[in-house]
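[1] Got a sequence here, can you model it:
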Amino acid sequence: MAAEPINPPLDVEQYPFAHALRVRFAETDAMGVVHHASYLPWLEEARVALLAHGGHDYAQLHSDGLDLAVIEVSVRYRQAIRFGDAVTVHAGVAEISRTVLQIAYLLEVDGQTAATGVTSHACVNREGRPVRVPEWLLDLGQDTTALRR
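    Coordinates of the predicted model:
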């Protein structure tokens, strides 16, 4: 079972990584607002970029037999995001246990918090069985104590 999701901080200075994206028309609904389902690919994109920034390409992780299976997601929508908006997704490893890690996210537009999120991941092998969080991931999470409860 996943740990209780953390409450992501609203201070961008507490996040070690930022990833920029621009809202595409296809990500919006009939009202011109980003559809709620569009946030999950953004979190994934930022997460993969965060790992790459930490020196670990996700494709290589997968070929090495490790996966980070998503076991829980939460998103809090705070302000509408619209077509063409430039979004910065701030991210960092927030909580790590023996086999599970949580990543916290803060999405901002024009310096304003638009959403926060948390993804929980189980470290699993090719057969889908839990394995210990690798040492490099523990190291990646060491500089993010500000993201913890």
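
[2] And the longest strand along the chain, what does it pack against?
    Counting residues, the longest strand found in the chain (DSSP state E) is strand 112-124. Applying 3 or more CB pairs under 8 Å, 6 or more residues apart in numbering; DSSP states H and E, we find strand 112-124 packed against helix 39-53, strand 67-77, strand 100-109. C-beta here means a position set from N, CA and C on the backbone, and glycine is covered the same way.

[3] mean confidence for the longest one?
    Summarised as a single mean, pLDDT over helix 39-53 is 96.

[4] Can you name the residues in contact with it?
    17, 19, 21, 57-58, 61, 68, 73, 75, 77, 87, 89, 91-93, 103, 105, 107, 115, 117, 119, 140 (CB atoms under 8 Å, 6 or more residues apart in numbering).

[5] Buried among those? Make that a ChimeraX selection.
    Selection of buried members from the contacts of helix 39-53 for ChimeraX, criterion 16 or more other CB atoms under 10 Å:
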select :17,19,21,58,61,68,73,75,87,89,91,92,93,103,105,107,115,117,119,140
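
[6] Nothing else from me, thank you.
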